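>>> The following comprises the amino acid sequence and a computationally predicted model.
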Amino acid sequence: MSVAGEIHNRWCPLSMALDLLGDPWVLLIVQPLLRGPTTRRALDLFLAGSEADDVQIRLDRLVEAGVVRTAASATEEGEAIFELTGLGMALASTIEELSRWGMNALYTSDGALDPQDRRFDQRWAVGDGQGLRDETYCWTVDGHTFGLEVKGTDLIRTIGAPANPIVSLETSRDVMDEILFGGTSMSSAIMRGDLVISGPSDAIKRMFRIVGFPVETSGYESSTQIRNCDAAFRRPPRTRS
Amino acid sequence: MALTESRRTYNRFDPLSAALEEVGDRWTLIIVRALMNGPQRYTDLKVFVKGSGSNVLAERLRRLADAGVVTRTVGSRVGADVTYQLTDRGWALAPVIETLVRFGLRSMLMGVPGGSSADEPDVFDASWALSDPGLAKEESYEWVVDGEAFTLSIVVPGLQIVRTRGRSKAAVVKLETTTELLEQVLARTASLESAAKSGGMRLKGSPQAVRRMFTAIGFPPDQIDSLWASLVS
């Protein structure tokens, strides 16, 4: 028996998943859609640095694979709105597990393995960067200290303690993990002493905005975690007895 | 596809982007998955990346070693083979792979996605999955998931699985279930056996054919064994 038809690589769930998801940008297109339906324009902002054609090809594939669909109603201006299907929503766990694994590369082992400064393009998190300032933050995660230097909408990670940081943050990877994925709020981590942050609260807000933390990239002003964090800082210092 | 072969650098201070730079391409996680069976020689790994370019395996292994995901061990005997194994950092990818496997099975078994080629059969190479090709038989299985029917046919020479839309008169097994229950089985919150017993997954066909079907599709052997035990008892 011979059959005509599209030959896939193999009958293997992992291969099937990677046929679609192993392409550049694909999971980065799904990531913002997990937060809700969005327009192509909003997607492009999040995908700063990508080519429009790259995104279009991937978006078409995601629609064909039944991961993304066009919502029944468009915006008032007639712009199409994209949303995830049930199959697409199932990728939340993949994105969470990958992010959890990737934190290691950002905060700890990569810093230890790779003694180079590294420049990151943070337009995906800050858009045009309005309200940001060129300033430096000092992070210590699991005992690894590194600097995060803001230059426009870029973030430069330097190895070791930077000079004159406006904000200092010290925590462990596990606590970061809990805040990002485990539902622990930043304020409760601060209360427990698992997350130590010092610096002016407006600078702390700018810092969390440019690092894209906690995962929210838009509407950070309304993020309860940032608000709670801010509130935690505004609390009068506890007097020790 | 040339664009999937090159390394993608996103340069975003973002854990997802950082992970995708290291393991997000088409082949890397397949190599990691293969190493979860234990240390492997280069020649053993080749079969898992069948269909990739000639230097893909060597290049990915080098990158994975640089990233601290795999290590190389050179045997102590003269001429002994180099073997590759996962580090702790490599094993930490197990949850990622598990979610991808679940997603892949969902897209294989739950409704055939629409699109221009929807009525053409999809052909899959299943030869790599069956250790004993004698376990497979040229036959068809009919699946109805949420009321949508498709047929999976096994082609023995070359061991292919052909998926077509619609019912099959010749099917030796008919299975009817819901996405919801299938999802629970894939997530292992329900067993195949309990799904069949509860009536949420209706199976028609001989126990032998049912076993061949789930084996060819690639369900976990322990799940198939307990279902088999309950079907023949």
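Nice, I can see it. Numbers count the residues shown, from 1 in each chain, chains lettered A, B, ... in the order given.
>>> and the longest strand seen in chain A, how far from the chain's centre?
Counting residues, the longest strand found in chain A (DSSP state E) is strand A:144-151. Relative to its chain's centre, strand A:144-151 lies at 17 Å (C-alpha atoms, centre = their mean, to the nearest Å).
>>> helices and strands around it, which ones?
If you count contacts as 3 or more C-beta pairs under 8 Å, 6 or more residues apart in numbering or on different chains; DSSP states H and E, strand A:144-151 packs onto helix A:109-113, strand A:136-141, strand A:154-159, helix A:201-210. Using the backbone N, CA and C atoms, a C-beta is placed for each residue, glycine as well.
>>> does the residue of chain B most remote from its centre belong to a helix or a strand, and which?
Ranked by distance from the centre of chain B (C-alpha atoms, centre = their mean), the top residue is residue B:78, with 36.8 Å. Applying DSSP states H and E as the criterion places residue B:78 outside every helix and strand.
>>> one step back: for the longest strand of chain A, which outside residues touch it?
A:107-108, A:111-112, A:132-140, A:155-162, A:165, A:206-207, A:210-211, B:13 (C-beta atoms under 8 Å, 6 or more residues apart in numbering or on different chains).
>>> out of the helices and strands packed on strand A:144-151, which comes closest to chain B?
Closest approach to chain B among those (C-beta to the nearest C-beta): strand A:154-159, 5.0 Å.
>>> and the next helix or strand along the chain from that closest one, is it in reach of chain B?
Per DSSP H and E, the first helix or strand lying C-terminal to strand A:154-159 is strand A:167-171. No - Strand A:167-171 stays clear of chain B (C-beta under 8 Å from any C-beta of the partner chain), getting no nearer than 13.7 Å.
>>> Could you see whether chain A lies near the strand ranked longest in chain B?
If you go by DSSP E, chain B has its longest strand at strand B:148-155. Yes - using C-beta under 8 Å from any C-beta, we find that strand B:148-155 touches chain A at residue B:155.
>>> Would you mark the buried spots in that strand?
Within strand B:148-155, the residues that count as buried by 16 or more other C-beta atoms under 10 Å in any protein chain shown are B:149-155.
>>> got a list of what the nearest residue to residue A:84 once chain neighbours are set aside touches?
Once flanking residues are discounted, residue A:84 sits nearest to residue A:33: 4.9 Å by C-beta to C-beta, 6 or more residues apart in numbering or on different chains. Shown in contact with residue A:33 (C-beta under 8 Å, 6+ apart): A:43, A:68, A:82-84, A:88.
>>> ok, back up a step: for the residue farthest from the centre of chain B, give me the pLDDT.
Per-residue confidence (pLDDT) for residue B:78: 72.
>>> Okay, domains of chain B per the record?
B:2-92, B:114-232 (automatic domain parsing).
>>> closest to residue A:97 out of those domains?
Set against residue A:97 and scored by C-beta to C-beta, the domains of chain B come closest in domain B:2-92, at 8.8 Å.
>>> Now the element after the longest strand of chain B, going C-ward?
Next along from strand B:148-155, by DSSP H and E: strand B:160-165.
>>> could you check the angle strand B:148-155 makes with the helix or strand following that next one?
Where DSSP H and E defines the elements, the next helix or strand beyond strand B:160-165 is strand B:173-177. Put simply, strand B:173-177 runs at 150 degrees to strand B:148-155, going by axes from the mean of the first three to the mean of the last three C-alpha atoms, to 10 degrees.
>>> Residue B:15 is in contact with residue A:102, isn't it?
Yes - look at residue B:15 against residue A:102 with C-beta atoms under 8 Å: they come within range, at 3.6 Å.
>>> Who has more neighbours out of those two?
Between residue B:15 and residue A:102, residue B:15 has the larger neighbour count (other C-beta atoms under 10 Å in any protein chain shown), namely 27 against 23.
>>> and the more buried one, what are its phi and psi?
phi -60, psi -40 (degrees, to the nearest 10).
>>> next one: the one 5 residues further on
With angles defined as degrees, to the nearest 10, residue B:20 shows backbone torsions of phi -70, psi -30.
>>> any idea which element the residue nearest to it when sequence neighbours are not counted lies in?
Leaving aside its sequence neighbours, residue B:20 sits nearest to residue A:27 (C-beta to C-beta, 6+ apart; 6.2 Å). Using DSSP H and E, residue A:27 maps to helix A:26-33.
>>> what element comes up after that helix heading to the C-terminus?
Immediately after helix A:26-33, counting by DSSP H and E, sits strand A:38-39.
>>> so what secondary structure elements neighbour that next one?
strand A:81-84.
>>> and the strand it packs on, what other elements does it pack with?
helix A:26-33, strand A:38-39, strand A:68-70.
>>> Redo these as a markdown table? Include distance to residue B:160 and mean pLDDT.
Below are these laid out as a markdown table (distance: least, C-beta to C-beta, whole Å; pLDDT from 0 to 100):
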| stretch | distance to residue B:160 | mean pLDDT |
| --- | --- | --- |
| helix A:26-33 | 26 | 95 |
| strand A:38-39 | 39 | 93 |
| strand A:68-70 | 29 | 95 |
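>>> buried residues in stretch A:66-80?
Those would be A:66-69, for stretch A:66-80 by 16+ other C-beta under 10 Å.
>>> Tell me the one of these nearest residue B:167?
For the buried residues of stretch A:66-80, the nearest to residue B:167 is residue A:66 (21.0 Å; C-beta to C-beta).
>>> Surely that closest one touches residue A:90?
No - counting by C-beta under 8 Å, residue A:66 does not reach residue A:90; the two are 11.0 Å apart.
>>> out of the contacts of strand A:144-151, which are buried?
A:107-108, A:111, A:132, A:135-140, A:155-159, A:162, A:165, A:206-207, A:210-211, B:13.
>>> Kindly state the pLDDT recorded for the spatially closest residue to residue A:81 that is not a sequence neighbour?
Excluding the flanking residues, the one nearest residue A:81 by C-beta to C-beta, 6+ apart is residue A:71, at 4.1 Å. Per-residue pLDDT puts residue A:71 at 91.
>>> shouldn't residue A:71 be in contact with residue A:83?
Yes - the pair residue A:71 / residue A:83 is scored as a contact, 5.0 Å apart, by C-beta under 8 Å.
>>> Identify the contacts common to these two.
Counting by C-beta under 8 Å, 6+ apart, the common neighbours of residue A:71 and residue A:83 are residue A:37.
>>> before we move on, the earlier item: quick one, which of the helices and strands packed on strand A:144-151 gets closest to residue A:23.
helix A:109-113 (23.4 Å).
>>> Mind checking if the helix or strand following the closest one is in reach of chain B?
Once the chain leaves helix A:109-113, the next helix or strand it forms, by DSSP H and E, is strand A:118-121. Yes - Strand A:118-121 lies within reach of chain B by C-beta under 8 Å from any C-beta, at A:118-121.
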